[in-house]
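Enquirer: Provided below for reference: sequence and predicted model.
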Amino acid sequence: MKFKSPPVNSLSLDFITEFCIGLEKLENNRECRGVIFTSAVPNIFSSGLDITEMCGKSMEHYAEFWRAVQEMWLRLYGSNMVTVAAVNGSSPAGGCLIALTCDYRIMVENPKFVIGLNEAQLGIVAPFWFKDTFVNTVGHRVAERSLQLGSLHSASEAHRLGLVDELVPEVKLQEKAAAVMAQWLALPDHARQLTKSMMRKAVLDRLVAHREEDVQNFVNFISKESIQKSLRMYMEMLKKKKR
Ligand SMILES: CCCCCCCCCCC/C=C/C(=O)SCCNC(=O)CCNC(=O)[C@H](O)C(C)(C)COP(=O)(O)OP(=O)(O)OC[C@H]1O[C@@H](n2cnc3c(N)ncnc32)[C@H](O)[C@@H]1OP(=O)(O)O
């Protein structure tokens, strides 16, 4: 699955809806046993949640958007397929979440590419299920420090921390992703799927059990005037950076 929503593959409501529909089709196709996620936009895997979906909109819109974000994560983290992220560009926040939610992450070894859950830098907070996914990948200590600082890690640092599993030159990325996929698909599906489910079930169940509460927390948090101000300032900063 190739993300192609220029300029930065931000995760808008439309993007997420298409992502979920695409994933469901693949999940229901008995001939499809694995998916590689990558980007068709140069230098960007995904810039994370589309900030314009969380800024200056109605409470109803925030709730609809957040349910879509939850749905994307539930489907991907709970997928029966082998999921490999071929990270060929920067991947902050929600973009990093997509990579973390896969079974395996391969990143291009470009020192300009960054990845991490940088929410704290925007004055917002990664919800518990972002945090759980991060902890399950890198462990508690690394996740705690990285989340509190809202760190964006270079590709080599991300590899050192275990945030990504492998680094490769750009030209080798697709070949490597295909080789990893073949390795994972060599196992019997039922054994791999039951093992994956055993490893992820508690974290998935936690969101399922608290889904509406999590929507309300998001809506209350994001609609605070102080948070809206932080998001507006962040968007301004992104625009100014270009001038
Ligand atoms: C009590 C607890 C309760 C908890 C409740 C929950 C709380 C809320 C949780 C919310 C979780 C949020 C997760 C997120 O994903 S937030 C998004 C974070 N993303 C970022 O910080 C990345 C921002 N973007 C960048 O750093 C750069 O754009 C990037 C490195 C990705 C690319 O740089 P480049 O120089 O190539 O491109 P530009 O910066 O010039 O960007 C091009 C245009 O795209 C716009 N843009 C970029 N990112 C976004 C985005 N995420 N959303 C919307 N728009 C984005 C940018 O403004 C440029 O637009 P213009 O061309 O119009 O200027």
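Expert: Received it, and whenever you're ready, just let me know what you need. Numbering: from 1, shown residues only.

Enquirer: wait, residue 207 touches residue 75, no?
Expert: No: counting by CB atoms under 8 Å, residue 207 stays clear of residue 75, with 11.7 Å between them. All C-beta spots, glycine's among them, are computed from the backbone N, C-alpha and C.

Enquirer: out of the two, which sits in the more crowded spot?
Expert: residue 207 (19 against 15; other CB atoms under 10 Å).

Enquirer: my read is the more buried one is in a helix, agree?
Expert: Yes: counting by DSSP: H, G, I helix; E, B strand; the rest coil, residue 207 falls inside a helix.

Enquirer: in contact with it, which residues?
Expert: Contacts for residue 207 were tallied using CB atoms under 8 Å, 6 or more residues apart in numbering; they are 70, 73, 74, 128, 129, 214.

Enquirer: quick one: it from the ligand, how far?
Expert: 12 Å (CB to the nearest ligand atom, to the nearest Å).

Enquirer: do the same with residue 104
Expert: Counting by CB to the nearest ligand atom, the gap from residue 104 to the ligand is 22 Å.

Enquirer: for residue 133, same thing?
Expert: Counting by CB to the nearest ligand atom - residue 133 and the ligand are separated by 12 Å.

Enquirer: same question for residue 106.
Expert: For residue 106, the distance to the ligand (CB to the nearest ligand atom) stands at 19 Å.

Enquirer: where does the prediction get shaky in this structure?
Expert: Residues of the chain meeting the criterion pLDDT under 70: 243.

Enquirer: those strands in it, which residues are they?
Expert: Under the criterion DSSP state E, strands of the chain are mapped to 2-3, 34-39, 43-44, 82-87, 89-92, 104-108, 114-116, 153-154, 166-168.

Enquirer: quick one: the second one to strand 82-87, angle?
Expert: Using axes from the mean of the first three to the mean of the last three CA atoms, to 10 degrees, the interaxial angle of strand 34-39 with respect to strand 82-87 works out to 20 degrees.

Enquirer: and strand 34-39, how far from the chain's centre?
Expert: With CA atoms, centre = their mean, to the nearest Å as the basis, strand 34-39 stands 13 Å off its chain's centre.
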